[in-house]
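Colleague: pasting the structure only:
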Ligand code: NAD
């Protein structure tokens, strides 16, 4: 069989890399740029650094700061209409995954005459997106190195989206020093979940595996450090790389049932995406150990978990329990602590059944298995 692995776009990386935004925009030939961000990231002064750098390069800027959590469709439409009106030739997203995905959506919408609903439900688009650069400020989604934009259909309460490849990404770990410890923990677990699902998908490859193992190693070593000491630059540096590598890994493989379930939690309970990903990941490990015992064993080894068996069921349970312990150490809340009941979790069954990602794992998930997986999430992490 002939496999495939890919690379998405060049990444400029390092402390202060955001100050090279103007240089990058100039290289790309941008004349007028729309900055896409949210009010929190703007208030922290992060987007201003990019604007100052663009000004030095004599590039005109307009600002769209209306991004909301989980990239609602109406914000993409509003930003896209502004980009059309302003006739920008470049878009720069600066923020967490919600901002980066909104920027991707805006880039597609601005270049096409299409309704927002058709666009996020994957109707064909005539034109390529306006070229865009992404600058992440959370170490979790890796969206700066993926071709997917996850956008919320606010009428149907579904996470759907569109596809767009960034022209360039700028990874500046200093931007994540301002993250509070809770967001550090759950965005870090988002990256971790990308690794586990990428390793156990229906189409992993040696390149995606390599990136996933490296990202897991950085995450387990540095996430507890950043959680305790948010100002620790070495930890932030390693977590920024972990997130980027994890994003590249799943972009080259895929995520699967864990993300189908995490999306259902986002739609039903409006909890941060990373918390949903964290809650489901131990159960994904147990599910997939039957097909990938050696990979799960290797994850356990990286996490320093003692495994005294060759039985895939024991391997899966041991590593999943080790991860649950790790999650407790960084205070990832349980469903109960989030005020979600067992019955409410089971109510996500239909959403997960209809989520295409559920079919992309290396282990088939039947309709009957979905409520079992959901119940397990509630029962095994209290
Ligand atoms: P987020 O973007 O929603 O941000 C969470 C909060 O953190 C916001 O209030 C934001 O203002 C704040 N914040 C961001 N950077 C900060 C900083 N440096 N300091 C202080 N506060 C900061 O959260 P997220 O977890 O980064 O993104 C989640 C979204 O990304 C979800 O919608 C998810 O579906 C999507 N996602 C996309 C991909 C992809 O490949 N496209 C992958 C994974 C997740």
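Modeller: Perfect, I can see it now. None of the values given here were measured: they were computed from a predicted structure. Numbers count the residues shown, from 1 in each chain.

Colleague: only C-alpha atoms from now on, for both contacts and neighbour counts.
Modeller: OK.

Colleague: ok, and the closest non-adjacent residue to residue 276?
Modeller: The spatial neighbour of residue 276 that comes closest, neighbours along the chain excluded (C-alpha to C-alpha, 6 or more residues apart in numbering), is residue 262 at 4.5 Å.

Colleague: what is the burial count for the one you found?
Modeller: When neighbours are counted by other C-alpha atoms under 10 Å, residue 262 registers 25.

Colleague: surely it forms part of a strand?
Modeller: No. Following the definition DSSP: H, G, I helix; E, B strand; the rest coil, residue 262 is helix and is not counted among the residues of a strand.

Colleague: any idea how far it is from residue 272?
Modeller: The span separating residue 262 from residue 272 equals 9 Å under the rule C-alpha to C-alpha, to the nearest Å.

Colleague: hmm, residue 283 and the residue nearest to residue 276 touching each other?
Modeller: No. In this structure, residue 262 is not within contact of residue 283 by C-alpha atoms under 8 Å, at 12.0 Å.

Colleague: tell me, what's touching these two both at once?
Modeller: Between them, residue 262 and residue 283 share no contacting residue under C-alpha atoms under 8 Å, 6 or more residues apart in numbering.

Colleague: ok, back up a step: the residue nearest to residue 276 and residue 192, how far apart?
Modeller: Distance, residue 262 to residue 192, by C-alpha to C-alpha: 13 Å.

Colleague: can you check residue 206 too?
Modeller: The spacing between residue 206 and residue 192, counted by C-alpha to C-alpha, is 18 Å.

Colleague: more neighbours, those two?
Modeller: Using other C-alpha under 10 Å as the criterion, residue 206 and residue 192 rank with residue 192 on top: 30 against 14.

Colleague: residues of the protein that sit close to the ligand?
Modeller: Along the chain, the residues adjacent to the ligand under the rule C-alpha under 6 Å from any ligand atom are 38, 40-41, 69-71, 95-99, 101, 137-138, 140-143, 146, 148-150, 175-176, 178-179, 187, 273-274.

Colleague: in strands only, show me these.
Modeller: Among the residues of the chain next to the ligand, the members falling in strands are 95, 148, 149, 150 (criterion: DSSP state E).

Colleague: grab the nearest non-local neighbour of the second one.
Modeller: Spelled out, that is residue 148. Residue 148's closest residue in space is residue 163 (C-alpha to C-alpha, 6+ apart), at 4.7 Å.

Colleague: got a list of contacts for stretch 73-92?
Modeller: Residues outside stretch 73-92 that contact it (C-alpha under 8 Å, 6+ apart): 25, 30-36, 62, 64, 66-68, 102-103, 105-111, 116-117, 120, 130-135, 151-154.

Colleague: helices or strands up against the helix or strand of the chain with the lowest mean pLDDT?
Modeller: For the chain, scoring each helix and strand by mean pLDDT, DSSP states H and E identifies strand 158-163 as the least confident one, at a mean of 93. Applying 3 or more C-alpha pairs under 8 Å, 6 or more residues apart in numbering; DSSP states H and E, one finds that strand 158-163 makes contact with helix 97-110, helix 116-120, strand 148-153, helix 257-269.

Colleague: so which of those gets nearest residue 240?
Modeller: Distances from residue 240 to each of those were compared using C-alpha to C-alpha; the minimum, 13.0 Å, belongs to helix 97-110.

Colleague: coming back round to it: turn the ones in strands among the residues of the chain next to the ligand into JSON lines, including pLDDT and neighbour count.
Modeller: Compiled in JSON lines, those are given as follows (pLDDT from 0 to 100; neighbours: other C-alpha atoms under 10 Å):
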{"residue": "95", "pLDDT": "98", "neighbour count": "27"}
{"residue": "148", "pLDDT": "95", "neighbour count": "19"}
{"residue": "149", "pLDDT": "97", "neighbour count": "26"}
{"residue": "150", "pLDDT": "96", "neighbour count": "25"}
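
Colleague: thinking residue 119 is in contact with residue 160, fair?
Modeller: No. Under the criterion of C-alpha under 8 Å, residue 119 makes no contact with residue 160, lying 9.8 Å away.

Colleague: which intervals of this protein have sub-threshold pLDDT?
Modeller: Using pLDDT under 70 as the threshold, the predicted model of the chain has low-confidence ranges 1.

Colleague: excluding its backbone neighbours, what's nearest the residue nearest in space to the middle of it?
Modeller: By C-alpha atoms, centre = their mean, the mean C-alpha position of the chain lies nearest to residue 141, the distance being 2.1 Å. Counting by C-alpha to C-alpha, 6+ apart, residue 97 is the residue found nearest to residue 141 once chain neighbours are left out, at 5.6 Å.

Colleague: repeat that for residue 108.
Modeller: Counting by C-alpha to C-alpha, 6+ apart, the residue nearest residue 108 is residue 129, at 4.2 Å.

Colleague: from residue 119, how far out is the one you found?
Modeller: On the measure of C-alpha to C-alpha, residue 129 and residue 119 end up 12 Å apart.
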